[in-house]
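S.K.: Next come a sequence and a model predicted from it.
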Amino acid sequence: SRSAQGKFVFQGTYRSGMFFGAFFGVFHTAKYATRVLVDPGDAGEICAGSVAALGGVMAKREWRVSMPYAVMLVAMDTFHVFMREDGKA
């Protein structure tokens, strides 16, 4: 039925949104904590955030299918950080 299809799509959208929202939240929290505690510069913050967040994605087998999208989010954030630093964005 139409309502069952809509419910199924909405549940998948909700699940994906929550997953990537939590992933990106962990990534930025780890970046900020690294900046506050040791301040290694942008590259060090991104590495620490990536290890924490991507390690969490690798922890569960069913989450591993989301790894390409998680890496893409990290890459887009990295691009933004370095373009902002150069004054181009």
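M.R.: Thanks, I have the structure now.
S.K.: Identify the residue spatially nearest to the residue nearest the centre of the chain, adjacent ones excluded.
M.R.: In the chain, the centroid-proximal residue (C-alpha atoms, centre = their mean) is Phe24; its distance is 3.3 Å. The shortest distance from Phe24 to any non-neighbouring residue, by C-beta to C-beta, 6 or more residues apart in numbering, is to Leu73 (5.9 Å). Yep, even glycine has a C-beta here, placed from its N, CA and C like the rest.
S.K.: buried set for the helix or strand where that neighbour lies?
M.R.: Under the criterion of DSSP states H and E, Leu73 resides in helix 67-85. Buried positions in helix 67-85, judged by neighbour count with 16 or more other C-beta atoms under 10 Å: 70, 73-74, 77-78.
S.K.: and Leu42, how many neighbours does it have?
M.R.: Leu isn't right for residue 42; it's Asp. Neighbour count for Asp42, taken as other C-beta atoms under 10 Å: 14.
S.K.: Show residues contacting stretch 41-54.
M.R.: Under the contact criterion C-beta atoms under 8 Å, 6 or more residues apart in numbering, stretch 41-54 has outside partners 23-24, 26-28, 30-35, 38, 40, 67, 70-71, 74, 77-78, 81-82, 85.
S.K.: Please disregard the earlier target; I meant stretch 11-26.
M.R.: Under the contact criterion C-beta under 8 Å, 6+ apart, stretch 11-26 has outside partners 52-53, 56-57, 63, 66, 69-70, 73.
S.K.: Now the two most distant members of those residues.
M.R.: Largest separation among the contacts of stretch 11-26 by C-beta to C-beta: Ala52 and Tyr69, giving 17.1 Å.
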